[in-house]
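>>> return atomic coordinates for the entry below.
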Amino acid sequence: MKQTILPSVFLLFALIGCSSETTVDTTVDKEPAFEKVETKTIPKTQSKSAKAVSFDDLGDAWPLTVQQGILKCRAGSLALFVAPDGKEYALNGTANSKGYPRINPIWADNAKIPGTKKNIGVLIILALELC
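Presented below is the predicted three-dimensional model:
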């Protein structure tokens, strides 16, 4: 066990550096600025394969630039997000491989780690629960 952990620790230090000075961002955004889009009414009724979801449901874990949408599951494992403008996006590779467009245009940047996106896993899990 020590043989696999020790190289991992060295790799971690090599990737992040061995600086004795650490900067921690303690600023808290009150509410993210959401993209302004023409919206359609999101139905309040839920079906077995679709569920409304919003920033209000997930708070800071919300990974998109739109404030709300609908999660869908199709064909057993196609995780989809329907934006307020009605456009469907692939949440997983399975959906993307079936021709649904990537969610990148509305995927929020991760302010805590510049150059990365926020974790979208929670939306994938919620969508697949509908399958």
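
>>> going by C-alpha atoms from here, please, whenever you check contacts or count neighbours.
Fine.

>>> check what pLDDT residue 74 gets.
Model confidence at residue 74, given as pLDDT, is 94.

>>> surely it and residue 131 touch.
Yes - here residue 74 reaches residue 131: they are 6.9 Å apart, a contact under C-alpha atoms under 8 Å.

>>> determine the residues that are contacts of both of the two.
residue 49 (C-alpha atoms under 8 Å, 6 or more residues apart in numbering).

>>> can you give me the end-to-end span of stretch 61-69?
Length of stretch 61-69, first residue to last, C-alpha to C-alpha, to the nearest Å: 15 Å.

>>> scratch that, stretch 61-78
First-to-last residue span, stretch 61-78, C-alpha to C-alpha: 22 Å.

>>> how about it: buried residues?
For stretch 61-78, a neighbour-count test (16 or more other C-alpha atoms under 10 Å) marks 62-73, 77-78 as buried.

>>> give the burial count for the nearest residue to residue 75 once chain neighbours are set aside, as a bare number.
Of all residues not flanking residue 75 in the chain, residue 131 sits nearest, at 7.8 Å (C-alpha to C-alpha, 6 or more residues apart in numbering). By the criterion of other C-alpha atoms under 10 Å, residue 131 has 16 neighbours.

>>> what of residue 92?
The local packing of residue 92 (other C-alpha under 10 Å) involves 23 other residues.

>>> check contacts around it.
Residues near residue 92 by C-alpha under 8 Å, 6+ apart: 78-80, 124.

>>> got a pLDDT number for it?
98.

>>> next: residue 49.
According to the model, residue 49 scores 86 on pLDDT.

>>> mind listing what's buried in stretch 81-97?
For stretch 81-97, a neighbour-count test (16+ other C-alpha under 10 Å) marks 81-84, 88-92, 95-96 as buried.
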